[in-house]
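Q: Give the three-dimensional model of this entry:
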Amino acid sequence: MATSRQLLELDSRTFERELARNPVVIVPVGALEAHGPHLPLGADQIQAEATARALADRVDALIAPTIAYGSAPGARRFPGTVSLSMAQLQTHATGVLSELARSGVRRLLVLSGHAERGHMAALREAADDAMRAYPATRIVVLSDYDFVYELRGTESPATDGHAGLLETSRVMALAPGAVGAARPVVLERGSPFVPGPPDAREWPESVMGDTRPASAELGRRVQDHVVARLVETVGTLLPA
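A: The predicted structure is shown next:
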């Protein structure tokens, strides 16, 4: 194993030697987005990077630098959100993934801490573009929230969502110093059948759910579930 799993910390020749074992390279993706009065703007990045580190240890992977900005139009009207267009995100992600493939990476996992539909669609289009340009490279694109939300209805109410009980608990476990004291309760009343983000009456704060029962203990259970499901997914979709 290399002295570090982070591409940022490897020299060129060590990276070249690492490629010989055909490692999975994880590309974390975040977003700078409002998460209510209690979670940091970088909550998505914090979760993606922590999960990438845990997963890399389990599957002997390397970790590329994070794509830090995403497409977050739903929370754009809240202070602090920086939302790229889908086209901007797709172009940037295509460039990153294509260059990693050109460098010889043959197994890539795009791991997004942000799960908004347009954001994920842009990442999937970027992966498709890169794989068509470099057919020897296989790319899997997912959000860790694909697995977090498997716990809705058991570890949380079925209506739990953005910056709600599960996410608050998870950030409490992964970065407790970044979590504020507020515990908001917000029920979004927007309809998925109406295009565009909900207005202020439908979604008064960038939170969906009741965060009052949040705990680091719950967050650790959520994170354990996510990492286990990711190990399973890598083994199935990105075999050596």
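Q: quick one, what contacts the residue most central in space within the chain?
A: Nearest to the mean C-alpha position of the chain, counting by CA atoms, centre = their mean, stands residue 113 at 1.7 Å. Neighbouring residues of residue 113 by CB atoms under 8 Å, 6 or more residues apart in numbering: 28-31, 43-49, 51, 143-145. Where you see a C-beta, it was placed from the backbone N, CA and C, and this is true even at glycine.
Q: same question, residue 77
A: For residue 77, the contacting residues are 197, 200, by CB under 8 Å, 6+ apart.
Q: same deal with residue 100?
A: Counting by CB under 8 Å, 6+ apart, residue 100 makes contact with 25, 27, 64, 108, 137.
Q: Can you tell me the element the second one falls in?
A: According to DSSP states H and E, residue 27 maps onto strand 24-29.
Q: tell me what the helix or strand following that strand is packed against?
A: Tracing the chain C-terminally past strand 24-29 and defining elements by DSSP H and E, one meets helix 43-59 next. If contacts are counted by 3 or more CB pairs under 8 Å, 6 or more residues apart in numbering; DSSP states H and E, helix 43-59 sits against strand 24-29, strand 62-63, strand 107-112, helix 165-174, helix 216-237.
Q: would TSV of the ones you listed with distance to residue 56, mean pLDDT and mean neighbour count be doable?
A: Below are those laid out as TSV (distance: least, CB to CB, whole Å; pLDDT from 0 to 100; neighbours: other CB atoms under 10 Å):
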stretch	distance to residue 56	mean pLDDT	mean neighbour count
strand 24-29	6	98	26
strand 62-63	5	98	22
strand 107-112	10	99	25
helix 165-174	15	98	26
helix 216-237	10	98	17
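Q: Tell me which of the ones you listed approaches residue 16 most closely.
A: Put simply, out of the helices and strands packed on helix 43-59 the one that sits nearest residue 16 is strand 62-63, at 12.4 Å, with distance taken as CB to CB.
Q: helices or strands up against that closest one?
A: strand 24-29, helix 43-59.
Q: ok, now how distant is the residue of the chain positioned farthest from its centre from residue 30?
A: Seen from the C-alpha centroid of the chain, the residue lying at the greatest distance (CA atoms, centre = their mean) is residue 13, 29.4 Å away. The span separating residue 13 from residue 30 equals 30 Å under the rule CB to CB, to the nearest Å.
Q: Pull up the per-residue confidence for residue 2.
A: The predicted structure scores residue 2 at 59 on the pLDDT scale.
Q: next one: residue 44
A: You'll see residue 44 listed with a pLDDT of 98.
Q: Tell me the spacing between the residue lying closest to it once chain neighbours are set aside and residue 34.
A: Leaving out its chain neighbours, the residue that sits closest to residue 44 by CB to CB, 6 or more residues apart in numbering is residue 113, at 3.6 Å. From residue 113 over to residue 34 the distance is 14 Å, taken as CB to CB.
Q: give the contact list for residue 133.
A: If you count contacts by CB under 8 Å, 6+ apart, residue 133 has them with 98, 101.
Q: swap the cut-off to 10 Å and go again
A: Contact criterion CB atoms under 10 Å, 6 or more residues apart in numbering gives 94, 97, 98, 101, 102 as the residues in contact with residue 133.
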